[in-house]
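Enquirer: kindly return the folded structure for what I paste below:
(2 chains)
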Number of protein chains: 2
Amino acid sequence: MNIAIVLYPRFTALDAIGPYEVLSRLPGASVAFLAAEPGPLRTDNGMLTVLAERSLQDMPQPDIVLRQADRTSTWTTSVCTGSLILAAAGLLDGKRATSHWLAIEELRRLGVEPASQRVVFDGKLVTAAGVSAGIDMALTLAARIAGDTVAQAIQLGIEYDPQPPFDAGSPLKAPAEVVELLRSLSPRVQEVEAHSPAR
Amino acid sequence: MNIAIVLYPRFTALDAIGPYEVLSRLPGASVAFLAAEPGPLRTDNGMLTVLAERSLQDMPQPDIVLRQADRTSTWTTSVCTGSLILAAAGLLDGKRATSHWLAIEELRRLGVEPASQRVVFDGKLVTAAGVSAGIDMALTLAARIAGDTVAQAIQLGIEYDPQPPFDAGSPLKAPAEVVELLRSLSPRVQEVEAHSPAR
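Expert: Numbers count the residues shown, from 1 in each chain, chains lettered A, B, ... in the order given. Have a look, this model is predicted:
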């Protein structure tokens, strides 16, 4: 199985690395990191540089790349606000999808029905909520691809027995002042608002 | 707060990226990725390349670097088998620590009392269990450093509301055949056995 993960400048590292760490452990899997141009890409905070080894050759528009890749892909997936890119490419038209909780209403503006779930399967389109949700998405996908035993072996291999010190990972569970703090300060929201792709 | 994450050839990406994604969100935090030599480093499976931007200058032996860094650090931490490196450097002498469940007995051989917990604090030495445990360790550390509200805001920002599709992330919970499969196949165990540092 060939797995392509599309990176772009100022991506969030865990969005990509969570699914990579799970899916690269599938038997026979090969993961390639792609970008518009091959070379170093800095993450959102500028503190980490990852190399994209291959380019999206001859396909300068990400949405066109995505449409083309989606035509032959077995699965097309996203983590976090990656679903906004899939939506802008039209791949989520008429489908249910999720995104980072701060960006979920943006999906509606792109004509997609938002689903406030951590992982949403709609046919071969699979979307995950914010950042760390990519790990859960990838494990669910690993089970569909290779069966429960393989997925459980991957989970045990990365010792994914989560024990967060707080139960504050969703806006429904976090203290109200924490939710408000994130809403008021999030550069992500401002970015999404500033750079939301026109349809 | 200056945070240094030491990379080495064939590191496991999520070991480093989980804590980075949490700790880089601490107010005023700066994260630097270091290695023996600056430049590209491939992960364990060869599928991902990350750039180490700074070197462990004039300090060719990781254990010496660690001893020196530990002298002035506020916290010294590890994820997964990183605790074997701390142990080999003598930093865990007489302390309780954890590691990947497949490597935990190796700690004992290095004179360290293994603790089968996901995150172990012993003074300023903080060790985490395998791979994904680094996220829980970093959130716990974030709360100690910046308070519960900041840690909860980070958790909500990365939407860390884990919902793995299976409860198989620890050898105590996974089906016995999955545990055996991992024990028999794990290259990590073989690697640890082949390359365990001499004391």
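
Enquirer: I'd guessed A:Ala143 sits against A:Ala151; true?
Expert: Yes - with contact defined as CB atoms under 8 Å, A:Ala143 reaches A:Ala151; the gap is 3.7 Å. Backbone N, C-alpha and C define where each C-beta goes, glycine included.

Enquirer: comparing the two, which shows the higher neighbour count?
Expert: The neighbour comparison of A:Ala143 against A:Ala151 (other CB atoms under 10 Å in any protein chain shown) goes to A:Ala151, with 26 against 18.

Enquirer: now do the helices in chain A.
Expert: Here chain A has its helices, by DSSP state H, at A:13-23, A:62-72, A:82-88, A:104-109, A:133-146, A:148-157, A:176-185, A:187-195.

Enquirer: deepest-packed of those helices, please.
Expert: helix A:13-23 (a mean of 27; mean count of other CB atoms under 10 Å in any protein chain shown).

Enquirer: send me it as PDB with only the CA atoms.
Expert: Taking Å, rounded to 0.1, in the frame of the first residue of the first chain, the C-alpha atoms of helix A:13-23 are listed here in PDB:
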ATOM      1  CA  ALA A  13       3.600  18.400  12.800                       C
ATOM      2  CA  LEU A  14       1.400  16.000  14.800                       C
ATOM      3  CA  ASP A  15      -1.300  16.200  12.100                       C
ATOM      4  CA  ALA A  16       1.000  14.400   9.800                       C
ATOM      5  CA  ILE A  17       3.200  12.400  12.200                       C
ATOM      6  CA  GLY A  18       0.300  10.800  14.200                       C
ATOM      7  CA  PRO A  19      -1.100   9.000  11.100                       C
ATOM      8  CA  TYR A  20       2.300   8.400   9.700                       C
ATOM      9  CA  GLU A  21       3.500   6.600  12.900                       C
ATOM     10  CA  VAL A  22       0.400   4.300  12.700                       C
ATOM     11  CA  LEU A  23       0.100   3.700   9.000                       C
END
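
Enquirer: that helix - contacts with which helices or strands?
Expert: strand A:2-6, strand A:30-35, strand A:76-79, helix A:133-146, helix B:13-23 (3 or more CB pairs under 8 Å, 6 or more residues apart in numbering or on different chains; DSSP states H and E).

Enquirer: lowest mean pLDDT across those, which one is that?
Expert: Ranked by mean pLDDT, these end with strand A:2-6 at the bottom, a mean of 86.

Enquirer: buried sites along that strand?
Expert: Within strand A:2-6, the residues that count as buried by 16 or more other CB atoms under 10 Å in any protein chain shown are A:3, A:5-6.

Enquirer: pairing partners for that strand, with directions?
Expert: Applying DSSP bridges to the sheet, strand A:2-6 is found paired with strand A:30-35 (parallel).

Enquirer: in the partner strand, what counts as buried?
Expert: Under 16+ other CB under 10 Å, the buried positions of strand A:30-35 are A:31, A:33-35.

Enquirer: now tabulate those residues in JSON lines and tack on distance to A:Gln57.
Expert: Output for the buried residues of strand A:30-35, formatted as JSON lines (distance: CB to CB, whole Å):
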{"residue": "A:Val31", "distance to A:Gln57": "18"}
{"residue": "A:Phe33", "distance to A:Gln57": "14"}
{"residue": "A:Leu34", "distance to A:Gln57": "9"}
{"residue": "A:Ala35", "distance to A:Gln57": "11"}
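
Enquirer: identify the contacts common to A:Ala143 and A:Ala151.
Expert: Taking CB atoms under 8 Å, 6 or more residues apart in numbering or on different chains as the criterion, A:Ala143 and A:Ala151 both touch B:165-166.

Enquirer: now the buried residues of strand A:2-6 in CSV, with distance to B:Thr43?
Expert: Shown next, in CSV, are the buried residues of strand A:2-6 (distance: CB to CB, whole Å):
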residue, distance to B:Thr43
A:Ile3, 14
A:Ile5, 13
A:Val6, 18
